[in-house]
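need a structure here:
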Amino acid sequence: MSYDSENIFAKILRGEILSHKVYEDEYTLAFMDIMPQATGHTLVIPKEPARTLFDLSDTACTHLIRAVQRVGVAVKLAMKADGIVVMQLNGIAAGQTVDHVHFHVVPGSVHDFGKHSAEENQAGDLALLADKIIQCMS
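As a prediction, this is how the structure comes out:
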């Protein structure tokens, strides 16, 4: 199966869909999940087009995991969380819903959240959360 350049994350990367950015570098982008599993739920994606983790180049993988680490620390601090769930799914059978490799960075415990919210978070709320996380970036 080939990469679908019309998936929502590809559109976010091209600036066709707005997002509440938390972090960006040459290789990666992190932004707030609009249908979060917990307050502060952040997504980290590579800029390289790839459906799954196994489709990424070594360079993109290296930069992606470094971004996940950096964002995870900031989310933990900003949300005053005792723990952070870092989750990455590969393929529909695993539960992947967007056909672009991504990591979920979710404050709290996996036992405290389930499915994504049924409603989108308000843009103002997401902007405030993004600002809190950005302030905690080191």
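
where are the low-confidence patches of the chain?
Counting by pLDDT under 70, the chain shows low-confidence ranges at 113-123.

and with 90 instead?
Within the chain, the stretches with pLDDT under 90 are 1-2, 35, 37, 109-125, 137-138.

just the strands in it please.
For the chain, applying DSSP state E gives strands covering 21-24, 28-32, 42-46, 84-87, 103-107.

now mean neighbour count and distance to Leu64 too, for those, in a markdown table please.
Yep, even glycine has a C-beta here, placed from its N, CA and C like the rest. What follows is the strands of the chain, written out as a markdown table (neighbours: other C-beta atoms under 10 Å; distance: least, C-beta to C-beta, whole Å):
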| stretch | mean neighbour count | distance to Leu64 |
| --- | --- | --- |
| strand 21-24 | 19 | 12 |
| strand 28-32 | 23 | 6 |
| strand 42-46 | 25 | 5 |
| strand 84-87 | 16 | 12 |
| strand 103-107 | 25 | 7 |
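
what's the neighbour count on the residue nearest to Cys61 when sequence neighbours are not counted?
Closest residue to Cys61 apart from its sequence neighbours, by C-beta to C-beta, 6 or more residues apart in numbering: Leu53 at 7.2 Å. Using other C-beta atoms under 10 Å, Leu53 has 18 other residues around it.

where's Leu53 relative to Gly91, distance?
10 Å (C-beta to C-beta, to the nearest Å).

also His102?
Remark: distance between His102 and Gly91 (C-beta to C-beta) = 13 Å.

between the two, which is the more surrounded one?
His102 (24 against 12).

thought that one was touching Asn7?
No: contact criterion C-beta atoms under 8 Å: His102 and Asn7 do not qualify, at 10.2 Å.

re earlier: so which of the strands of the chain comes closest to Asp131?
strand 21-24 (9.1 Å; C-beta to C-beta).

direction included, what does that closest one pair up with?
Sheet pairing of strand 21-24 (DSSP bridges) gives strand 28-32 (antiparallel).
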